[in-house]
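Colleague: 3D, please:
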Amino acid sequence: MIGSHGSQFLRSVLLTDSVRRGGNTGVAVADSALAVVLSREDDPIARDVVHDLGRAQGVVPVAWWTLASFLDATAQEPELADWADSMRARYVDVVQST
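Modeller: Residues are numbered from 1 along each chain as shown. Model (predicted):
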């Protein structure tokens, strides 16, 4: 996993599960959790890391979302629409036009 650039995401998954279980308090704060990698569409390493970690462990579900799809979904929420449009213009549309 470390060789496939997954060590940072592995730490995130472990932290996600720890928080779900209540961390140092031991009082669970959630019944379930999801760890997500958010990246550009053209990032095969991110997609591969999610796939590999998903196969290697079954405790925390993992997912890969593109920044564009995340912002599309976020824009559907009225209170987040302006923020999503701004982020899309700054990070997605600029990359697609280059």
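Colleague: residues making contact with stretch 85-93?
Modeller: 67-68, 71, 74-75 (C-beta atoms under 8 Å, 6 or more residues apart in numbering). Just so you know, the C-beta spots here come from the backbone N, C-alpha and C atoms, and that holds for glycine as well.
Colleague: list just the nearest of these to A35.
Modeller: Using C-beta to C-beta, L67 comes nearest to A35 of the contacts of stretch 85-93, at 16.6 Å.
Colleague: before we move on, back to that, tell me which of the contacts of stretch 85-93 fall in helices.
Modeller: Judged by DSSP state H, these include 67-68, 71, 74-75 as members of helices.
Colleague: now flag whichever of those residues is closest to L38.
Modeller: Among the ones in helices among the contacts of stretch 85-93, and counting by C-beta to C-beta, the member closest to L38 is L67, at 5.9 Å.
Colleague: with adjacent residues omitted, what lies nearest to the spatially most central residue of the chain?
Modeller: What sits nearest the mean C-alpha location of the chain, by C-alpha atoms, centre = their mean, is V36, with 2.3 Å. Distances taken as C-beta to C-beta, 6 or more residues apart in numbering put A63 closest to V36, at 5.0 Å, once the chain neighbours are dropped.
Colleague: report all helices and strands that the longest helix seen in the chain contacts.
Modeller: Using DSSP H, we find that the single longest helix of the chain is helix 7-21. Helix 7-21 sits against strand 35-39, helix 44-56, with contacts defined as 3 or more C-beta pairs under 8 Å, 6 or more residues apart in numbering; DSSP states H and E.
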